[in-house]
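Undergrad: model this:
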Amino acid sequence: MLDISFIRAQFPAFTEAPLQGQAFFENAGGSYTCGPVIDRLTRYYKQRKVQPYYPFEASRLAGEEMDEARVRLSAVLNIKADELSFGPSTTQNTYVLAQAFGQMLSEGDAIIVTNQDHEANTGPWRRLEARGIEVREWQVNEVGHLDPSALSAMLDDKVKLVCFPHVSNLVGEINPVAEICEMIRAAGAYSCVDGVSAAPHGLPDVGGLGADIYLFSAYKTYGPHQGIMAIKRALADALPNQGHYFNEAVRYKRFTPAGPDHAQVAACAGMVDYLDAVYAHHFGVEPDAAARGRAVHSLSLTHERRLLAPLIDYLRGRNDVRLLGPQSAEGRVATVSVVANRPGYELAQALVPEGIMAGGGDFYAVRLLETLGIAPEHGALRLSFVHYTHEDEVQKLIGALDKVL
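TA: Next comes the predicted model:
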């Protein structure tokens with residue numbers, strides 16, 4: 001079992017006075033930052049805040065730390081180092097990719113998007129319609145589920161790209177990424193997976209999933225505010241370069257039009273420091289980084305589901321709320337959205353005096369809410385947690401919900 005005391009000791013937020021007595025349930029919007037990331041960021045700003053990759057010592061060390069982050073993180077994700085790119089955010093990375101595909105595709109080609117997505121992984125792709133690209137929508141059913149068989153019926157030789165989420169940021173369901181990517185590959189198309197709402201619950205084995213593109217955000221995986229983008233080599237080489245023309249030969253620079261945030265890129269190595277510390281504490285020694293990542297992923301998910309089950313049971317036992325997504329802890333992550341007789345934001349406000357930090361609103365999933373018959377302005381109350389959440393905090397949340405619902 002996860003050693004929750006060890007885990008929480010790695011996050012300075014839990015010892016900060018302004019956060020004492022507060023239970024954090026808006027992790028889907030951004031996680032607390034682990035100590036190793038803060039330490040690396042602080043060291044970079046104090047000792048390395050110069051242009052990297054020049055011969056003098058501070059510059060050399062700055063570049064080495066940036067390279068370290070790319071090499072170590074890609075190893076955990078089970079991909080090649082030059083398949084990983086950093087950017088200012090996942091939204092920006094997606095926009096850049098959409099521009100590249102817009103240049104590569106021809107009028108009459110088709111792409112598929114979903115209405116389960118956060119707008120960041122659907123809006124930029126839908127804009128390609130203005131370039132003559134056909135945009136098809138893979139729609140959820142009445143409970144927000146994406147049925148792979150419905151996608152199969154949409155695939156033909158016109159489809160060149162399918163964009164879908166690993167996990168919805170609202171309904172929390174885990175989509176069968178490997179199965180879907182294999183289906184897309186068999187149809188001769190590329191796959192782009194938004195992993196922003198999945199990665200906080202354990203960094204994914206991207207190589208094993210088989211996605212041509214996988215995107216997530218470091219600020220939701222205990223790191224700095226960076227978007228992380230994995231692109232298979234063959235696709236990265238086929239897409240038009242979006243960076244400076246003289247960087248075209250460097251894969252991880254092809255999709256970074258602006259200069260990266262050097263300090264934040266370097267600090268991303270702290271995410272791997274943390275993962276390795278968790279693995280070592282619970283399991284010992286394992287030389288394979290991807291295997292360490294898979295083990296910590298499983299450990300985290302098991303802990304979260306143990307805490308999630310009583311919250312799901314409690315909400316299902318009420319007749320005055322609608323629980324979105326899967327009705328059990330299996331098949332979902334610990335992102336729980338409920339719709340009640342008051343707007344989601346009002347419910348989040350009502351929870352503040354109870355020491356609960358939660359979110360309410362549409363969470364940029366406007367299309368999904370409308371499909372589920374929920375007015376976006378009413379929205380949902382979202383309760384999201386990760387592996388550093390203590391079971392006592394879940395019980396505190398349930399008690400607070402009893403007061404405000």
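
Undergrad: next, S197: phi, psi?
TA: Its backbone dihedrals place S197 at phi -90, psi 0, with angles given as degrees, to the nearest 10.

Undergrad: could you verify my assumption that it touches V171?
TA: No. The criterion here is C-beta atoms under 8 Å, and S197 misses it with V171 at 9.8 Å. C-beta: built from backbone N, CA, C; applies to glycine.

Undergrad: and the longest strand for this protein?
TA: Assignment by DSSP state E gives strand 159-165 as the longest strand of the chain.

Undergrad: so what touches the helix or strand that that strand is followed by?
TA: Next in sequence after strand 159-165, counting helices and strands by DSSP states H and E, comes helix 177-186. When contacts are defined by C-beta atoms under 8 Å, 6 or more residues apart in numbering, helix 177-186 is touched by residues 148, 151-152, 155, 162, 164, 166, 190-191, 193, 208-212.

Undergrad: ok, the next helix or strand after helix 177-186: who's next to it in the sheet?
TA: Once the chain leaves helix 177-186, the next helix or strand it forms, by DSSP H and E, is strand 190-194. Its sheet considered, strand 190-194 pairs with strand 159-165 (parallel), strand 213-217 (parallel) by DSSP bridges.

Undergrad: pick the most buried one from those.
TA: strand 213-217 (a mean of 27; mean count of other C-beta atoms under 10 Å).

Undergrad: kindly export that strand (C-alpha atoms) in PDB.
TA: Provided in PDB are the C-alpha atoms of strand 213-217 (Å, rounded to 0.1, in the frame of the first residue of the first chain):
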ATOM      1  CA  ILE A 213       0.800  12.000 -30.300                       C
ATOM      2  CA  TYR A 214       0.300  12.100 -26.500                       C
ATOM      3  CA  LEU A 215      -0.100  15.400 -24.700                       C
ATOM      4  CA  PHE A 216      -0.200  16.300 -21.000                       C
ATOM      5  CA  SER A 217       0.600  19.200 -18.600                       C
END
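
Undergrad: the inter-axis angle of the helix or strand following that strand versus strand 190-194?
TA: Tracing the chain C-terminally past strand 213-217 and defining elements by DSSP H and E, one meets strand 227-231 next. Orientation check (axes from the mean of the first three to the mean of the last three C-alpha atoms, to 10 degrees): strand 227-231 against strand 190-194 gives 160 degrees.

Undergrad: return the distance of the helix or strand following strand 227-231 from the chain's centre.
TA: Next helix or strand after strand 227-231 toward the C-terminus (DSSP H and E): helix 233-238. Helix 233-238 has its C-alpha centroid displaced from the chain centroid by 23 Å (C-alpha atoms, centre = their mean, to the nearest Å).

Undergrad: any buried residues in helix 233-238, and which?
TA: Of all the residues in helix 233-238, those buried under the rule 16 or more other C-beta atoms under 10 Å are L235, A236.

Undergrad: list the buried residues in the helix or strand following that helix.
TA: Using DSSP H and E, the helix or strand that follows helix 233-238 in sequence is helix 262-267. By neighbour count with 16+ other C-beta under 10 Å, helix 262-267 contains the buried residues H262, A263, Q264, V265, A266, A267.

Undergrad: show the model's pLDDT score for the second one.
TA: Reported pLDDT at A263 in the predicted model: 98.

Undergrad: in this structure it contacts T42, no?
TA: No. Counting by C-beta under 8 Å, A263 does not reach T42; the two are 9.5 Å apart.

Undergrad: okay, how far is it across stretch 130-140, tip to tip?
TA: Taking C-alpha to C-alpha, to the nearest Å as the measure, stretch 130-140 stretches 24 Å from start to finish.
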